[in-house]
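K.L.:
Predicted structure and sequence below. I'll ask about it afterward.
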Amino acid sequence: MLRFTLIIRVRYLDLVLSGRSKGIERKEYPINGIWVRCSAYPIYDQDNQVVGGALVFRDISELKQLEMQVQNKGFKYPAFEKIIGSSPALMEAIRQF
């Protein structure tokens with residue numbers, strides 16, 4: 001995991017530190033079965049010069065599990081089915097959209 005963290009740091013923090021980016025958000029990666037969202041932001045001094053950067057890592061594994069459930073065809077959409085009705089063909093067409 002440390003090696004992966006260093007690769008992320010080099011790739012994104014260097015871009016932010018160069019001044020070419022105001023920040024990089026929402027880069028998502030699986031690390032050893034844990035989904036992580038990485039964001040990088042510059043740190044400025046009083047003269048608006050980039051003097052450093054910050055990396056933020058957030059565990060989004062639970063969010064990814066929920067996304068997979070939604071994408072799974074077996075997942076039930078009770079509110080969706082109430083709005084659309086009980087037409088299997090219409091519900092399937094909208095799910096595929």
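P.N.:
That came through fine. Numbering: from 1, shown residues only.
K.L.:
Not counting sequence-adjacent ones, nearest residue to Val50?
P.N.:
Pro42 (4.7 Å; C-beta to C-beta, 6 or more residues apart in numbering). Every C-beta, even on glycine, is put in place using the N, C-alpha and C of the backbone.
K.L.:
count of neighbours near that neighbour?
P.N.:
By the criterion of other C-beta atoms under 10 Å, Pro42 has 21 neighbours.
K.L.:
So it sits against Gln49, correct?
P.N.:
No. Applying C-beta atoms under 8 Å as the test, Pro42 and Gln49 come out as separate, 9.6 Å apart.
K.L.:
quick one: low-confidence ranges for this structure?
P.N.:
Scanning the chain for pLDDT under 70 picks out the ranges 1-17, 19-27, 29, 73-87, 90-97.
K.L.:
if you set the cut-off to 50 instead, what comes out?
P.N.:
Scanning the chain for pLDDT under 50 picks out 1-7.
K.L.:
what residues go with each domain of it?
P.N.:
When the chain is parsed with automatic domain parsing, its domains come out as 1-59, 62-97.
K.L.:
Mind checking what helix or strand follows the helix or strand harbouring the residue nearest to Val50 in sequence?
P.N.:
Assessed by DSSP states H and E, Pro42 sits inside strand 34-44. Next in sequence after strand 34-44, counting helices and strands by DSSP H and E, comes strand 50-59.
K.L.:
Show me which positions of that next one end up buried.
P.N.:
Within strand 50-59, the residues scored as buried using 16 or more other C-beta atoms under 10 Å are Gly53.
K.L.:
Output the contacting helices and strands for that strand.
P.N.:
Counting contacts by 3 or more C-beta pairs under 8 Å, 6 or more residues apart in numbering; DSSP states H and E, strand 50-59 packs against helix 14-17, strand 34-44.
K.L.:
Now tabulate these in JSON lines and tack on distance to Lys64.
P.N.:
Output for the helices and strands packed on strand 50-59, formatted as JSON lines (distance: least, C-beta to C-beta, whole Å):
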{"stretch": "helix 14-17", "distance to Lys64": "25"}
{"stretch": "strand 34-44", "distance to Lys64": "4"}
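K.L.:
Look up how far Ile60 lies from Ile31.
P.N.:
From Ile31 across to Ile60, the span is 11 Å (C-beta to C-beta, to the nearest Å).
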